[in-house]
Every structure is written in C-alpha cells, then in structure tokens.
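**Q** this one's structure only:
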C-alpha cells in the first residue's frame, strides 16, 4: 500500500488559518485485492475526511469564541470608561453648581449689607435733620 501526504492552509471569514495534513493511501491492485479491500480503503478515506472536517469545524468554533470573548471584554472596558467619564462630568457639574451657589449667596449677603448700611445712613440723615 503506497501513501502520499500533502498539507494545506484553510482560511475562514474570521481571518483565522487552519493547517491540516491529509495522507492519501493507495491500494495497488493485485491478485489478493478484492472489492472488500477497496470498500475498506474508501471507508478509511471517508473517515479521515470527516475527521479533517470536524477538526476544521472545531477550530473555527474555538476562534469564533475567542473573538466573541475579546469583543465582550473590549465592550465592558469601553462601558467602564464611559461610566467613569460620566461620573467625572457629574462631579464637575456638582462642584460648579456649589461654587455658583456660594458665589450667589456671597453676593446676596453683600447686597443685604449694602442695603442695610444705606438704610441706616438714610435714617441717620433723616433723624439728624
């Protein structure tokens, strides 16, 4: 029985490569060769092709799972960064509002004092006249 091996690289749509080696086995016809030998050889070839297909399918599934996991991790990372940015913006807005509030109250207090002083001067001026 003679055999010949060859290898190939399969490329999938997900940009992955699979290296596979297939060995072909040839049966030489001779006086002892029967139809059963040929059927048996065909069955072995079919089984090897099925194993090769199953290997390719498993490698593709594994690659797809890896890509999905990386995508999920990246998405979670981006969501966390967006959350942190939103929290930072919220804190900044609260600080700005607090400073504005303090500034307004400070100006209001100053205005009250000015009105009181003006009223006091006005009363003193009336009383002194």
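**A** Arrived safely, thanks for sending. In this text, all values refer to a predicted model and were calculated from it rather than measured experimentally.

**Q** Could you tell me how far stretch 60-70 lies from the centre of the chain?
**A** Distance, stretch centre to chain centre, for stretch 60-70: 12 Å (C-alpha atoms, centre = their mean, to the nearest Å).

**Q** Stretch 80-91 too?
**A** Using C-alpha atoms, centre = their mean, the offset of stretch 80-91 from its chain centre is 19 Å.

**Q** Just the mean pLDDT for it, thanks.
**A** Averaging pLDDT along stretch 80-91 gives 94.

**Q** ok now the helix or strand harbouring residue 124, how far from the chain's centre?
**A** Element membership of residue 124, judged by DSSP states H and E, is helix 35-128. Between the centre of helix 35-128 and the centre of its chain there are 13 Å (C-alpha atoms, centre = their mean).

**Q** name the helices or strands packed onto it?
**A** Judged by 3 or more C-beta pairs under 8 Å, 6 or more residues apart in numbering; DSSP states H and E, the packing partners of helix 35-128 are strand 17-26. The C-beta positions use only the backbone N, C-alpha and C, and glycine is treated the same way.

**Q** For the strand it packs on, give the mean pLDDT please.
**A** 58.

**Q** now swap in stretch 61-74 and tell me
**A** For stretch 61-74, the mean pLDDT works out to 93.

**Q** could we number from 72 for the rest of this?
**A** With 72 as the first residue, the last one maps to stretch 132-145.

**Q** which of the residues in that stretch are buried?
**A** For stretch 132-145, the neighbour count (16 or more other C-beta atoms under 10 Å) marks residue 134 as buried.

**Q** Please tell me how far residue 115 sits from residue 108.
**A** Going from residue 115 to residue 108 by C-beta to C-beta, to the nearest Å gives 11 Å.

**Q** Who has more neighbours out of these two?
**A** residue 108 (14 against 11; other C-beta atoms under 10 Å).

**Q** Next, find the distance separating that one from residue 114.
**A** Counting by C-beta to C-beta - residue 108 and residue 114 are separated by 11 Å.
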